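> No sequence on hand, only this structure:
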Ligand code: GTP
């Protein structure tokens, strides 16, 4: 714990990260690797809340011509499937977890109860928050920001397939420049693809730093926790 930069973190993992190269569904090698990365945090006595997206199964915007609320409800269910997959992978390697969902499905998981979530964290359990914020029109990034505020996380660790925030898409432009540091306002004004605006402003209003880093490189989470300067940090100044 002595070398840890943060005590309680909110880890946001995109749904796509679970699909590996397939782009759809699960690559269980990748799910297992992510679970091992989370375990390194737990082994460092860091309290971990986890929000996972659902894009490997369904995205609200895939439902073209569909009622938006219905499409978003389908997305929320997708995040619950991912939450259970991560729970299973984590428990398979001995990490204690609890899944709490923003939409009640009591037979499958606990409902979200903030005080209970905090208690689980204090006991060293990883709490996986499913069903986003439980509301249509809000992303899982916003859910991560909201839950981070509620559990008083020190930081949001935003795990991405790219290793930080760039001025343009590094997969398309060889001269894309990576930022080490940004302010919330710079992210919003420059329209940088970190989090959507609702999530970014929620972090700004509650002064929660966002650390964007690449999950595809093994060991990165540990480096982040040890305070190594990797990825991009978004904060007040
Ligand atoms: P402590 O009270 O700190 O020991 O936490 P705990 O989560 O172990 O307490 P509890 O006895 O309430 O829960 C035991 C198990 O039941 C855990 O795996 C919980 O995730 C699960 N559980 C608790 N409430 C619900 C629920 O509403 N639905 C489902 N599906 N599982 C639940």
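Thanks, I have the structure now. A quick note: this is a predicted structure, and the numbers were derived from the prediction, not measured.

> Is the spatially closest residue to residue 154 that is not a sequence neighbour in a helix, a strand, or coil?
Spatial nearest neighbour of residue 154, excluding adjacent residues (CB to CB, 6 or more residues apart in numbering): residue 6 at 4.2 Å. For glycine as for every other residue, the C-beta is placed from the backbone atoms N, C-alpha and C. When classified by DSSP: H, G, I helix; E, B strand; the rest coil, residue 6 comes out as coil.

> Likewise for residue 135?
coil.

> Pull the number of nearby residues for it.
16 (other CB atoms under 10 Å).

> Same question for residue 72.
Residues near residue 72, counting by other CB under 10 Å: 23.

> ok, now residue 207?
Neighbour number of residue 207 under other CB under 10 Å is 10.

> so it makes contact with residue 234?
No: taking contacts as CB atoms under 8 Å, residue 207 lies outside contact range of residue 234: 11.4 Å.

> I'd guessed residue 79 sits against residue 132; true?
Yes: Residue 79 lies in contact with residue 132 (CB under 8 Å); the separation is 5.7 Å.

> Spit out the residues that contact the two alike.
51, 54, 140 (CB atoms under 8 Å, 6 or more residues apart in numbering).

> and which of those is nearest residue 20?
residue 54 (15.9 Å; CB to CB).

> how about that closest one, what does it touch?
15, 75, 76, 77, 78, 79, 81, 82, 132, 140.

> what sits against the nearest residue to residue 109 once chain neighbours are set aside?
Nearest non-adjacent residue to residue 109, counting by CB to CB, 6+ apart: residue 99, 4.0 Å away. Contacts for residue 99 (CB under 8 Å, 6+ apart) come out as 80, 83, 84, 87, 108, 109, 110, 127, 128, 129, 130.

> and what of residue 150?
Counting by CB under 8 Å, 6+ apart, residue 150 touches 114, 117.

> how near is it to residue 47?
Residue 150 is 13 Å from residue 47, where distance means CB to CB, to the nearest Å.

> cool, and residue 80?
22 Å.

> Off-centre distance for the helix or strand bottoming out on mean pLDDT in the chain?
Here the helix or strand of the chain ranked lowest by mean pLDDT, DSSP states H and E is helix 220-225, holding a mean of 89. How far helix 220-225 lies from its chain's middle: 15 Å, per CA atoms, centre = their mean, to the nearest Å.

> For the helix or strand where residue 11 lies, name the packing helices and strands.
Element membership for residue 11 (DSSP states H and E) is strand 8-13. When contacts are defined as 3 or more CB pairs under 8 Å, 6 or more residues apart in numbering; DSSP states H and E, strand 8-13 packs onto helix 28-43, strand 47-52, helix 140-151, strand 155-160.

> Let me have those in JSON lines, extended by distance to the ligand and mean pLDDT.
Converted to JSON lines, those look like this (distance: least, CB to the nearest ligand atom, whole Å; pLDDT from 0 to 100):
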{"stretch": "helix 28-43", "distance to the ligand": "16", "mean pLDDT": "96"}
{"stretch": "strand 47-52", "distance to the ligand": "14", "mean pLDDT": "98"}
{"stretch": "helix 140-151", "distance to the ligand": "15", "mean pLDDT": "98"}
{"stretch": "strand 155-160", "distance to the ligand": "23", "mean pLDDT": "95"}
